[in-house]
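K.L.:
fold the following for me, if possible:
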Amino acid sequence: MSHTLTALSAAVPLVAGWTVHGLWQRHLIDRAGRDALTGLPRRSAFEETAGRMLRKTRRGVVAVLVIDLDGFKQINDIHGHAAGDTAIRETGQRLAQWAEPLGTVARLGGDEFAAAIHCPDVETLRGELTHLHQWMCSLVTYDELPLPLGASIGAYPHAPDGPAADLPSALRAADEAMYGAKQTGGGWSIKHTLTPGYRTVNGRRDGRRGTDIDVPEGGS
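P.N.:
Next up, the predicted model:
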């Protein structure tokens, strides 16, 4: 912290030294809104941005995604948590680069991520999901060791002429699509309806992590 303040002080004239505190406060606020391991926005920031994207859809589609890594537990069990952190960090970097021109992405917790992106149409979304899945499955290394990693991706595309969709409902639909992909060995899947296809426990798909506690729908 002292080094950062020193650098900021050197960059700002003494007569405007009061701004250093303001800059540092903004830095702390930004860090507080981001996941410490990946640097991605936390859930609250993602929910605000993604919810606004859904409400303001005027053309094309806004797709809400849930991404869950495949093989992550084995990485932790075999190579240790430092290797697992490397896999999560690399996944976050890839997702950030992929989503940057399209929308927003966040780490929900553990090895689960969410995204919301703009696409001209569902066919374009299919291409984006194929590209994303290939990237998620590309090699990650830790201490010169390859880490076998895959991903299951689910998406719900919301169109302006379709039924009204709030973010929790869209995340629920994307989660069900992701679960369907995972049941068939990974890949990606799109769900076009908000109607739940699985029994609901505490507002979420039965069997999903966290269904044993009372949390809002779409939470993790």
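
K.L.:
C-alpha only now, for contacts and for neighbours.
P.N.:
OK.

K.L.:
need the contact partners of the helix or strand harbouring residue 174.
P.N.:
Per DSSP states H and E, residue 174 falls inside helix 167-183. Helix 167-183 is touched from outside by 47, 50-51, 54, 64-68, 70, 152-156, 187-191, 193-198, 204-205, 217-219, with contacts defined as CA atoms under 8 Å, 6 or more residues apart in numbering.

K.L.:
start and end of stretch 133-142, how far apart?
P.N.:
One end of stretch 133-142 sits 20 Å from the other (CA to CA, to the nearest Å).

K.L.:
what does stretch 49-67 give?
P.N.:
18 Å.

K.L.:
in that stretch, what counts as buried?
P.N.:
50, 51, 53, 54, 60, 61, 62, 63, 64, 65, 66, 67 (16 or more other CA atoms under 10 Å).

K.L.:
pull the distance from that stretch to the chain's centre.
P.N.:
Centroid displacement of stretch 49-67 relative to its chain, using CA atoms, centre = their mean, to the nearest Å, is 13 Å.

K.L.:
domain-wise, how is this structure divided?
P.N.:
1-32, 39-205 (automatic domain parsing).

K.L.:
thinking again about what came up before, which among the contacts of helix 167-183 count as buried?
P.N.:
47, 50-51, 54, 64-68, 70, 152-156, 187-191, 193-194, 204-205, 217-219.

K.L.:
low pLDDT regions in this protein?
P.N.:
Scanning the chain with the threshold set as pLDDT under 70 gives 1-32, 199-220.

K.L.:
can you give me the strands in it?
P.N.:
Counting by DSSP state E, residue ranges of the strands within the chain are 61-70, 103-109, 112-119, 140-142, 145-147, 150-158, 187-190, 200-201, 204-205.

K.L.:
ok, now which ones touch residue 89?
P.N.:
Residue 89 makes contacts with 37, 38, as judged by CA under 8 Å, 6+ apart.

K.L.:
any figure for the gap between it and residue 109?
P.N.:
Where residue 109 is concerned, residue 89 sits at a distance of 12 Å (CA to CA).

K.L.:
and residue 55, by the same measure?
P.N.:
Distance, residue 55 to residue 109, by CA to CA: 25 Å.

K.L.:
residue 45 reaches residue 33, doesn't it?
P.N.:
Yes - assessed by CA atoms under 8 Å, residue 45 is found in contact with residue 33 at 6.6 Å.

K.L.:
hang on, the earlier thing: any idea which of the domains of the chain is most buried?
P.N.:
Among the domains of the chain, ranked by average contacts under mean count of other CA atoms under 10 Å, first place goes to domain 39-205 (a mean of 19).

K.L.:
distance from the chain centre to it, please.
P.N.:
Using CA atoms, centre = their mean, the mean C-alpha position of domain 39-205 is found 6 Å from that of the whole chain.
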